[in-house]
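Novice: Sequence isn't available, so here's the structure alone:
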């Protein structure tokens, strides 16, 4: 009977290992999302201290978009 248990044990460990791996992947994805949200929030707060930078960036982005939309004759 112990031979039977010894043969089945790698499958059980494999399943448990796979389950833990999936949980870890999910946990890490959640953690990365939280870190990304935090970084974006800090950046927004830093930029809100300097509203002229936001306006300048929007104007520069708009002018780049117009230049790329113009046909090059």
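Specialist: Now that the structure is in, tell me what you want to look at. This structure is a prediction, so every number in the text was calculated from the model and none was measured. Numbers count the residues shown, from 1 in each chain.
Novice: So which bits of the strand or helix carrying residue 64 are buried?
Specialist: Assigned by DSSP states H and E, residue 64 belongs to helix 51-69. Within helix 51-69, no residue is scored as buried using 16 or more other CB atoms under 10 Å. Placement of C-beta: from N, CA and C, glycine included.
Novice: Let's test this: mean pLDDT of it, rounded?
Specialist: Taken as a whole, helix 51-69 has a mean pLDDT of 71.
Novice: helices or strands next to the host helix or strand of residue 25 in the packing?
Specialist: According to DSSP H and E, residue 25 maps onto helix 2-48. Packing partners of helix 2-48 (3 or more CB pairs under 8 Å, 6 or more residues apart in numbering; DSSP states H and E): helix 51-69.
Novice: Which other helices and strands does the helix it packs on contact?
Specialist: Using 3+ CB pairs under 8 Å, 6+ apart, helix 51-69 is in contact with helix 2-48.
Novice: now the helix it packs on against helix 51-69, angle please.
Specialist: 100 degrees (axes from the mean of the first three to the mean of the last three CA atoms, to 10 degrees).
Novice: got a pLDDT number for residue 10?
Specialist: Residue-level pLDDT assigned to residue 10 equals 62.
Novice: Now do the contacts for residue 62.
Specialist: Neighbour list for residue 62: empty [criterion: CB atoms under 8 Å, 6 or more residues apart in numbering].
Novice: how close does it sit to residue 44?
Specialist: 20 Å (CB to CB, to the nearest Å).
Novice: Repeat that for residue 67.
Specialist: 27 Å.
Novice: now residue 37: how far from residue 43?
Specialist: 11 Å.
Novice: Repeat that for residue 49.
Specialist: According to CB to CB, residue 49 and residue 43 sit 11 Å apart.
Novice: Those two: which has the busier surroundings?
Specialist: residue 43 (10 against 7; other CB atoms under 10 Å).
Novice: Tell me who's in contact with that one.
Specialist: Applying CB under 8 Å, 6+ apart to residue 43 gives no contacts.
Novice: so what pLDDT did it get?
Specialist: For residue 43, pLDDT reads 88.
Novice: from here on, count from 37
Specialist: Understood, numbering begins at 37; the last thing we discussed is residue 79.
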